[in-house]
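# 3D, please:
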Amino acid sequence: MNPVKRTDEPSQLAHQKLVERAKAGGITHYFLGDSITRRWAAAEPEYADLRAHWDTFLAPLGAANFGWGGDTLENILWRIQNGELDHVHPETVFLMAGTNNLPGGDNASQIARKTHFLIREIRRRAPEAQIFLTQIFPRFDDPKFQKIINHVNLQTVLIPNITLINPLTQIANPDLFPDGLHPSLTVYEIWAHHIISAIETRSPFRRPLS
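Okay, here's the model as predicted:
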């Protein structure tokens with residue numbers, strides 16, 4: 001998978017800020033993804049309820065949000081290869097991404113392979129971190145996307161040396177996704193329950209031999 005740089009000005013400004021956040025340190029739990037991750041800690045007024053939830057339940061644990069809207073797996077790869085994961089040394093990395101590869105025409109096997117590639121790059125740059133992969137959330141905006149997501153999630157189960165976060169059975173309801181793609185606060189609350197439980201019960205990570 002080749003990294004792809006976002007050239008639009010908002011993405012470049014966001015990247016600069018995220019590099020600065022990485023340099024500032026103090027990150028225990030590193031959250032990486034696209035707009036679904038980003039909105040959880042976004043400053044815009046329309047996401048105030050999501051930000052309040054993040055600030056109450058995750059920020060006090062040392063969580064830092066490195067999500068950016070519209071990113072494909074290739075865009076996220078570029079970001080971590082260009083400063084956003086340098087010298088961070090988190091205890092955990094929480095990744096959820098891949099839904100933005102669907103409109104570009106990637107099939108399930110391509111998305112699963114790219115996800116695996118991205119995880120290997122995260123491991124290379126944060127070798128002591130335990131990596132948690134949240135399976136791709138359902139999409140209700142286009143039935144063909146959901147069929148692909150189901151197959152992606154079946155394949156990512158096989159990625160080695162990660163821990164899966166899977167709240168899918170609790171959120172498979174179109175009413176919880178107002179625009180068919182982005183989740184409501186209820187979904188974030190369920191997601192957080194799984195994440196916090198994983199943090200509290202995780203065992204010390206042992207690096208694989210190969």
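# please count neighbours and contacts with C-alpha atoms only from this point.
OK.
# just give the closest residue to Phe117, not the sequence neighbours.
Computed as CA to CA, 6 or more residues apart in numbering, the closest residue to Phe117 that is not its neighbour in sequence is Met1, at 7.0 Å.
# I figured the one you found hits Glu74, correct?
Yes: Met1 lies in contact with Glu74 (CA atoms under 8 Å); the separation is 6.9 Å.
# with neighbour numbers in mind, choose between these two.
Ranked by neighbour count (other CA atoms under 10 Å), Met1 and Glu74 place Glu74 first, with 20 against 13.
# show me the contacts for the more buried one.
By CA atoms under 8 Å, 6 or more residues apart in numbering, the contact list for Glu74 reads Met1, Asn2, Pro3, Val4, Lys114.
# shared neighbours, Met1 and Glu74?
Shared contacts of Met1 and Glu74, defined by CA under 8 Å, 6+ apart, are found at Lys114.
# so where do the helices sit in this structure?
Secondary structure of the chain (DSSP state H): helices located at 9-24, 35-38, 48-57, 73-79, 108-125, 143-156, 168-171, 185-201.
# export those to a markdown table and tack on mean pLDDT and distance to Pro178?
A markdown table is the format used below for the helices of the chain (pLDDT from 0 to 100; distance: least, CA to CA, whole Å):
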| stretch | mean pLDDT | distance to Pro178 |
| --- | --- | --- |
| helix 9-24 | 97 | 25 |
| helix 35-38 | 98 | 13 |
| helix 48-57 | 97 | 14 |
| helix 73-79 | 98 | 24 |
| helix 108-125 | 97 | 25 |
| helix 143-156 | 94 | 16 |
| helix 168-171 | 92 | 12 |
| helix 185-201 | 94 | 10 |
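# now those helices as TSV including distance to Phe177?
Supplementary listing: the helices of the chain in TSV, determined by distance: least, CA to CA, whole Å:
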stretch	distance to Phe177
helix 9-24	25
helix 35-38	11
helix 48-57	14
helix 73-79	22
helix 108-125	22
helix 143-156	13
helix 168-171	9
helix 185-201	8
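# of all those, which one is nearest His89?
Distances from His89 to each of the helices of the chain were compared using CA to CA; the minimum, 8.5 Å, belongs to helix 108-125.
# for the closest one, name the packing helices and strands.
helix 73-79, helix 143-156 (3 or more CA pairs under 8 Å, 6 or more residues apart in numbering; DSSP states H and E).
# Arg39 is nearest to which of those?
That would be helix 73-79 among the helices and strands packed on helix 108-125, by CA to CA, at 15.9 Å.
# just the CA coordinates of the closest one, formatted as PDB?
Coordinates of the C-alpha atoms in helix 73-79 are reproduced here as PDB (Å, rounded to 0.1, in the frame of the first residue of the first chain):
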ATOM      1  CA  LEU A  73      -6.300   3.900   4.900                       C
ATOM      2  CA  GLU A  74      -3.600   5.300   2.500                       C
ATOM      3  CA  ASN A  75      -4.100   8.800   4.000                       C
ATOM      4  CA  ILE A  76      -3.700   7.600   7.500                       C
ATOM      5  CA  LEU A  77      -0.600   5.700   6.500                       C
ATOM      6  CA  TRP A  78       0.900   8.900   5.200                       C
ATOM      7  CA  ARG A  79       0.100  10.800   8.400                       C
END
